[in-house]
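Trainee: Quick one: sequence plus predicted model below, questions after.
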Amino acid sequence: MSGTENTALRVRAGRAFGLPRQVSPAKACKQPCPLVKIIYTRGNRTETLATLATLRKILNRFVGRRVFYEVSSRNKRGHEFFSAKNVFVVGSIEITNYEHLRILIFDGRHQAHSIEIVNPQTMRIYDETSGRGFAVSFVCDDEKGVETRCYLRDEGEDEERIRERTALQSITLPELFEYLDDITAADVRTRR
């Protein structure tokens, strides 16, 4: 893996991170927007990132969702290749632009796991059909000829949230009537 240790994209594991820092609106307005080329696959149009708020709006679609990611790095000559894949629930996303653009994506269930994307040159947005999910990829190139890519794809809602929401649907009709009788009986007792 020589030559890829200093890649722009890194998966950090085994080190605990605190909660994301919030950037005040005054500081966010003073920060110059990085030159990130955005490529929309639907319509095949390209534009430059206008504001960090636009980037936040795009990436916030992943918060609270199960996401598949693949971080890969390769030498353009094809001699070396590195890839890491995983699925996790996105807890929060932190975007800062001080010396360089930095995107931190935190795992909602494992505080020591995060993805860090530093200085991406290109962001490709895959949103062809609404039913098939939403995906983005960030690409970074360095002067040594190493290309690093981070691909994120929405895999659907968090299973625990679905279970919480559908718990009422698993109650049988007699159980529901019994529950309603208990509520109304308790209500009558409190009025007396």
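Mentor: That came in fine, so what should we check first?
Trainee: per-residue pLDDT, residue 70?
Mentor: Here the pLDDT value assigned to residue 70 is 93.
Trainee: Next: residue 137.
Mentor: Per-residue confidence (pLDDT) for residue 137: 93.
Trainee: For it, identify the helix or strand it belongs to.
Mentor: Under the criterion of DSSP states H and E, residue 137 resides in strand 135-141.
Trainee: Following element in sequence after that strand, please.
Mentor: strand 146-157.
Trainee: elements contacting that next one?
Mentor: Packing partners of strand 146-157 (3 or more CB pairs under 8 Å, 6 or more residues apart in numbering; DSSP states H and E): strand 9-12, strand 65-75, strand 135-141. From N, CA and C alone the C-beta is placed, and that goes for glycine too.
Trainee: Where do the strands of this structure begin and end?
Mentor: 9-12, 37-40, 45-48, 65-75, 81-97, 101-107, 114-118, 122-126, 135-141, 146-157 (DSSP state E).
Trainee: Nearest to residue 56, out of these?
Mentor: Closest to residue 56 of the strands of the chain, according to CB to CB: strand 81-97, at 5.7 Å.
Trainee: Spell out which residues make up each domain of this protein.
Mentor: Domain assignment for the chain, taken from automatic domain parsing, gives 9-157, 159-192.
Trainee: okay if I get those domains as TSV plus mean neighbour count?
Mentor: Formatted as TSV, the domains of the chain follow (neighbours: other CB atoms under 10 Å):
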stretch	mean neighbour count
domain 9-157	15
domain 159-192	9
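Trainee: Could you tell me the least trusted of those domains?
Mentor: Among the domains of the chain, domain 159-192 scores lowest, with a mean of 69.
Trainee: show me the contacts for residue 151.
Mentor: 69-72, 135-137 (CB atoms under 8 Å, 6 or more residues apart in numbering).
Trainee: Residue 137 now?
Mentor: Per CB under 8 Å, 6+ apart, neighbours of residue 137: 123-124, 126, 149-152.
Trainee: so how far is residue 74 from the nearest residue to it once chain neighbours are set aside?
Mentor: Excluding the flanking residues, the one nearest residue 137 by CB to CB, 6 or more residues apart in numbering is residue 151, at 4.3 Å. Residue 151 sits 13 Å away from residue 74, going by CB to CB, to the nearest Å.
Trainee: Residue 88 too?
Mentor: Distance of residue 88 to residue 74, given as CB to CB: 23 Å.
Trainee: measure stretch 158-174 end to end?
Mentor: 30 Å (CA to CA, to the nearest Å).
Trainee: got it, and stretch 40-59?
Mentor: 14 Å.
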